[in-house]
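# my questions concern the predicted model and sequence given below.
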Amino acid sequence: MLLIRCPYCEAERPEVEFVYAGEAHITRPTNPSALSDEAWKDHLFTRTNPRGRHFERWRHLHGCGRFFNAVRDTVSDRFALTYKAGLPRPTDAEIEAANAPAAQTPATNAPAAQNQEARS
Amino acid sequence: MTSFRIPGKGRLTAAAPVHFTFDGQPFQGVAGDSLASALLANGVHLVGRSFKYHRPRGILSAGSEEPNALVSTDRGQGRFEPNTRATMLELYDGLAATSQNRWPSLRRDVGAVNDALYMLFSAGFYYKTFMWPKSFWTKVYEPFIRNAAGLGPAPVAVDPDVYASRFAHCDLLVVGGGPAGLAAALAAGRSGASVILCDEQAELGGSLLSETDAGIDGRSGWGWLDETRAALAALPNVTLLPRTTAIGYYHQNFLGLCQRLTDHLTVVPDGAPRERLWKVRAKRVVLAQGSIEKPLVFAGNDRPGVMLAGAARAYLNRYGVAVGRRVAIVTTHDSAWLAAFDLARAGVAVAAIVDARGTVPAGLVARAEALRIPTRIGWTVTDTAGRLRVESVRINPVAADGTVGAGQTLACDALLMSGGWTPSVHLFSHTKGSLRWQEDRQMFTPGETVEDGCPVGACAGRFGLAAALEDGAEAGRAAVAALGFTAEATAHRVTDETPLTGTSLRELPTDRDPSRIKAFVDFQNDVMAKDIRLAVREGFQSIEHIKRYTTTGMATDQGKISNINGLAIAADALKRPAPAVGLTTFRPPYTPTTFGAFAGYNRGDLFEVTRKTPIDGWAEAQGAVFEPVSLWRRAWYFPQAGEDMHAAVARECAAVRSSLGMFDASTLGKIEIVGPDAAEFMNRMYTNAWTKLAPGRCRYGLMLGEDGFIRDDGVIGRLAHDRFHVTTTTGGAARVLAMMEDYLQTEWPDLKVWLTSTTEQWAVIALQGPNARKLIEPLVEGIDLADSAFPHMAVAEGRICGVPTRLFRVSFTGELGFEINVPARHGRAVWEALHEAGQRFGITPYGTETMHVLRAEKGYIIVGQDTDGTLTPDDSGLGWAVGKTKPDFVGKRSLTRPDMLVPHRKQLVGLLTEDPQTVLEEGAQIVLDPNQPLPMKMVGHVTSSYWSAALGRSIALAVVEGGRARQGETVHVPMPDRVHRATVTGTVFFDPDNTRLSA
């Protein structure tokens, strides 16, 4: 059973409190009717399905109820990072910084953007 | 019965006799015995028949890896358990164990004829021997195989025991209570860190329990063991769990431990849990699982009396039992020599040590000579003899060039073998840890893992007592030091330890044709070396395929003993290096685990939540029959005396159509949608237009997925400009709310809307029938119920029977109807008041079956029954519910995808059978031409089908390709009895003009 850090509750909780919600950073077009059939098909059905680092959405269903984003390795199942919905996709450098040995405490297990938000 | 117990040997107290039976015969053992050690003490080696060939089998090992000695136990009161390993079964007074897979008896077994027919049962025999004639499979072959093959019988009674479970958190979990695990726990425990140490055996100590030579820190091994266990027990931060098997190692150091609590007790206390499943989250893990001895592969290596040398040493040193009077040894590893020395010193005759290696350490040879043990170095074993127990072995010299010389017969009553030791990497492999192949030692050792776990000692490939203690102490220290504790790796001084070396042989050399000898690799599944070679000859390349074709490594021992020998033989046959062939994947559980342990407390009433409405108790008192609807239990129908379901439903339907019925609709999903942007949110979530819906009015709402297919529906009332009362299907409530939250939180966080589940806050009473208004008119305050003031699809807040209500004028029956929402705590009182007041109208409570019939007569769909996730609004005849002028809503774009516009999409239609008495089966397939060749083209299926009392005939709804254009056509529904003819119609069977709604 995985441990997942909810970026809203700022706490690690067991997997049973969460539900998976598909790939992250797929924004619904503001005017779907303007899209071609091909483009709409891609929006609906085409996903990256990577071996390795995957950007995905989770919901803290039996907790705060919020949707958030996560970076998880699909091979090891390890979470590299979780961050709030609406924040930009973290860069490789940000992910690696958050997973550097010195940074592996809960307080810094978040992207730089979120840390700034938390401090401000 | 002569005793093989040796006075003065072992750790058990002979003064504590324990009585037990095996196959009905009484025996005596000693407290602390396993069933295996107690049987051996009585000279019993034959304990079972093998899986496929019914060959006599004995006890091979002394641990949980045992493949042969599986027995059934019966404690009465339904406490029957098959396939228990005799090596792990702790003896208790009155134990009744029976052997398995034999008939009529263990000694005379009819099934043993399979052994003579072995050519029929070679690798893949399932797929070859029994293929022809095809019809024989189900009637002849399969029942025969099922009867002949297999393990113990499954228990038939409900398990009467209770099982506990708990969570635990600790700094360090140590798996394995041998020297490495004890040293790790001691180093970590003394730092103050919280430590859990588990071991599958009843007594902590592991290999130390069978070691009598070596000393530790100036004491005997056992002296050190006693002191260490006492020191650990005295530490309040250390939890010791003997009889506890670590069954699985999951993500982020989450481990499952199964603790056996009462199986070893003579008297089981009432209500005491039998087992406890520990779900442990450990900050660090030390794996000290040790290693498992490898058998040697040679003809007749499965005969009772042939066993692992390390097991014989354990039976002697731990249990004080000699496994024979005249014992022979065959080995390629030094450790078997120690077993011979211990036995000789205990007074057992050692016939010879046969070592297949060319050279053996001189020290061992000298010790053998001193004990007058004959040695045969550079010899091999080529066969064994003896019907139900080994009586002799055939040994042959092997020349330097590999030539096997003439055989000699050596009499013995036990043959001990050792092919070296295999690290137990099972739990490490559960973490997806990589394994490293050690070519020189022919073993896999742990490589990298993503978990914070550290294998130590023998399970890491570092063998020997001194190495185990050093490794364990350092790992225990390092684990808690990483967590900030100050810890020391205590140095332990080991004396009199014999350094052990060995080589690995795939199979022992033989002078016979290797393709004809019965040299077993997997004892439990009766897989021989030649079966693995046959699989390779027949084209199997991957070890995973070879495993499944030959069944090697399957069954309850999961290849603990056989995997490495099987791999070596497969790699040789494939002419590839072992790591290229690979090891089959180890998966949890480590050893067979009871279903009870997994279920824990979650059985019976606690297996699943049963949701009940506030009116449920009333329905139960009235004798309602219930049905499960998602997690709810709902009243299905209310039979009166002598009525069957058909009669009850017909009566309930007639009552609603003629006068008045009442229905508990409390399970409907309800969501309160509030906020300045509530209408805009509704516009985006539902297909319908909401902006112009006036407060006080309702609308049927249809929700699609983004793919354009129907997800849910329900009547939605607008209570105020900024407040909607949404209802959903009973099963869809949580899903709909989750979907709304998803869009609101992540796509449109700018909308000022709040969503609240109110499903359980409102009790809902549906009053349906021509007399509905007459009943409630005198009971309602604050709402004008006149048709003009409160028409169909109106909603208002007021009071009923003195309590607040949200009153909806809606109908799911086609009759004049109201759905009365009252706060849940008043639900039953209002229901009872209405029921009493309604007696003058013959008010009739009805259940979900009548609700289904009445709505089907009107063609009202049920999402999930008449839709299946592939129907659009148009497919379901609900195109009218789609707001044509809205710029966007969830799913709108998909409705114009090319596939959605083709004319042959499946569409919802009505079906009337030619024979009005025939009620079609829901789910039945529909064809256009019943005489077409098989396989027929199926054009749709029946989704709803009932007897309609109002129409005096059957009715059905169905989805049919291009169905709406086929109205009036005849279609055919092939059923097992015959093909039924039906006419395609519209979906509304009753009151098509809706005159009754406004009555």
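On my side now, so go ahead.
# what's the first helix or strand after the one helix or strand B:Arg735 maps to?
In the assignment (DSSP states H and E), B:Arg735 maps to helix B:733-742. Proceeding N to C from helix B:733-742, the next assigned helix or strand is strand B:754-757, under DSSP H and E.
# interface residues of the stretch 701-850 of chain B facing chain A?
Contact residues, the stretch 701-850 of chain B versus chain A (CB under 8 Å from any CB of the partner chain): B:706-707, B:738, B:741-742, B:745-747, B:749. All C-beta atoms are positioned from the backbone trio N, CA, C, and that covers glycine.
# need the contact partners of stretch B:775-792.
Here stretch B:775-792 makes contact (CB atoms under 8 Å, 6 or more residues apart in numbering or on different chains) with B:660, B:767, B:773, B:796-801, B:805, B:807, B:809-811, B:818, B:820, B:833-834, B:837-838, B:841, B:843, B:997-998.
# tell me the pLDDT at whichever residue of the stretch 801-950 of chain B sits closest to chain A?
When scored by CB to the nearest CB, the stretch 801-950 of chain B has B:Arg893 as its residue closest to chain A, at 3.6 Å. On pLDDT, B:Arg893 comes in at 97.
# which stretches of the stretch 401-550 of chain B form strands?
B:408-411, B:414-418, B:421-423, B:435-438, B:443-446, B:453-455, B:494-495, B:520-522, B:527-528 (DSSP state E, counting those that start in this stretch).
# next: the stretch 151-300 of chain B.
Counting by DSSP E, counting those that start in this stretch, the strands of the stretch 151-300 of chain B are B:163-175, B:195-198, B:215-216, B:219-220, B:238-241, B:244-250, B:254-260, B:275-287, B:291-293.
# tell me the residues of chain A that contact chain B?
Looking at chain B, the residues of chain A close enough under CB under 8 Å from any CB are A:1-3, A:19, A:21, A:27-28, A:31-33, A:35, A:37, A:40-41, A:44, A:57, A:59, A:61, A:65-67, A:76-78, A:85-86.
# mind giving me the PyMOL select for those residues, buried ones only?
Buried residues within the residues of chain A next to chain B, by 16 or more other CB atoms under 10 Å in any protein chain shown, are selected in PyMOL with:
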select buried, chain A and resi 2+21+32+40+44+57+59+61+66+67+78+85
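# I'd like the strands of the stretch 401-550 of chain B as a markdown table, with mean neighbour count and mean pLDDT appended.
Formatted as a markdown table, the strands of the stretch 401-550 of chain B follow (neighbours: other CB atoms under 10 Å in any protein chain shown; pLDDT from 0 to 100):
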| stretch | mean neighbour count | mean pLDDT |
| --- | --- | --- |
| strand B:408-411 | 15 | 98 |
| strand B:414-418 | 28 | 98 |
| strand B:421-423 | 25 | 97 |
| strand B:435-438 | 16 | 93 |
| strand B:443-446 | 21 | 94 |
| strand B:453-455 | 25 | 96 |
| strand B:494-495 | 17 | 96 |
| strand B:520-522 | 28 | 96 |
| strand B:527-528 | 27 | 94 |
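# got JSON lines for those, with distance to chain A too?
Below are the strands of the stretch 401-550 of chain B laid out as JSON lines (distance: least, CB to the nearest CB, whole Å):
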{"stretch": "strand B:408-411", "distance to chain A": "54"}
{"stretch": "strand B:414-418", "distance to chain A": "38"}
{"stretch": "strand B:421-423", "distance to chain A": "23"}
{"stretch": "strand B:435-438", "distance to chain A": "16"}
{"stretch": "strand B:443-446", "distance to chain A": "16"}
{"stretch": "strand B:453-455", "distance to chain A": "14"}
{"stretch": "strand B:494-495", "distance to chain A": "36"}
{"stretch": "strand B:520-522", "distance to chain A": "31"}
{"stretch": "strand B:527-528", "distance to chain A": "33"}
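# so which of these comes closest to B:Leu91?
The minimum distance between B:Leu91 and these falls on strand B:414-418, with 21.3 Å, by CB to CB.
# what sits up against the closest one?
B:45, B:293-296, B:301, B:303, B:305-310, B:312, B:323-324, B:326-333, B:335-336, B:339-340, B:381, B:384, B:390, B:393, B:502.
# closest point of the stretch 551-700 of chain B to chain A, which residue?
Closest point on the stretch 551-700 of chain B to chain A, by CB to the nearest CB, is B:Arg684, at 10.1 Å.
# please work out how many residues are found near the closest residue to chain A within the stretch 1-150 of chain B.
The nearest approach of the stretch 1-150 of chain B to chain A comes at B:Ser64, 24.8 Å away (CB to the nearest CB). By the criterion of other CB atoms under 10 Å in any protein chain shown, B:Ser64 has 17 neighbours.
# just checking, next helix/strand downstream of the stretch of helix or strand B:Arg711 belongs to?
Under the criterion of DSSP H and E, B:Arg711 resides in strand B:710-720. Beyond strand B:710-720 on the C-terminal side, the first helix or strand identified by DSSP H and E is strand B:723-728.
# let me know the angle separating that following strand from strand B:710-720.
150 degrees (axes from the mean of the first three to the mean of the last three CA atoms, to 10 degrees).
# so where's chain B uncertain?
Counting by pLDDT under 70, chain B contains low-confidence ranges at B:1-2, B:119-120, B:125-150, B:999.
# tell me the helices and strands packed up against the biggest helix by length in it.
In chain B, taking DSSP state H as the definition, the longest helix is helix B:465-481. Packing contacts for helix B:465-481, counted by 3 or more CB pairs under 8 Å, 6 or more residues apart in numbering or on different chains; DSSP states H and E, involve strand B:163-175, helix B:179-189, strand B:275-287, strand B:453-455, strand B:494-495.
# could I get the buried residue list for the first one?
Residues of strand B:163-175 classed as buried by neighbour count (16+ other CB under 10 Å): B:163-165, B:168, B:170-175.
# would you point out the most distant pair within those residues?
So, the buried residues of strand B:163-175 by CB to CB: farthest apart are B:Tyr163 and B:Asp171, at 27.4 Å.
# thinking again about what came up before, of the helices and strands packed on helix B:465-481, which is nearest B:Asn602?
Nearest of those (CB to CB): strand B:163-175, 8.5 Å.
# got the angle for that closest one vs strand B:254-260?
Using the same axes, to 10 degrees: strand B:163-175 against strand B:254-260 is 120 degrees.
# now the terminal residues of stretch B:832-849, how far apart.
Stretch B:832-849 stretches 21 Å from its first residue to its last (CA to CA, to the nearest Å).
# contacts for that stretch, please.
B:618-619, B:622, B:624-625, B:627, B:629, B:634-638, B:645, B:649, B:651-653, B:655-656, B:659-664, B:765, B:767, B:769, B:771, B:774-776, B:778-779, B:801, B:820.
# ok, 6 Å please
Under the criterion CB atoms under 6 Å, 6 or more residues apart in numbering or on different chains, residues B:634-638, B:649, B:652, B:655, B:659-663, B:771, B:775, B:801 lie in contact with stretch B:832-849.
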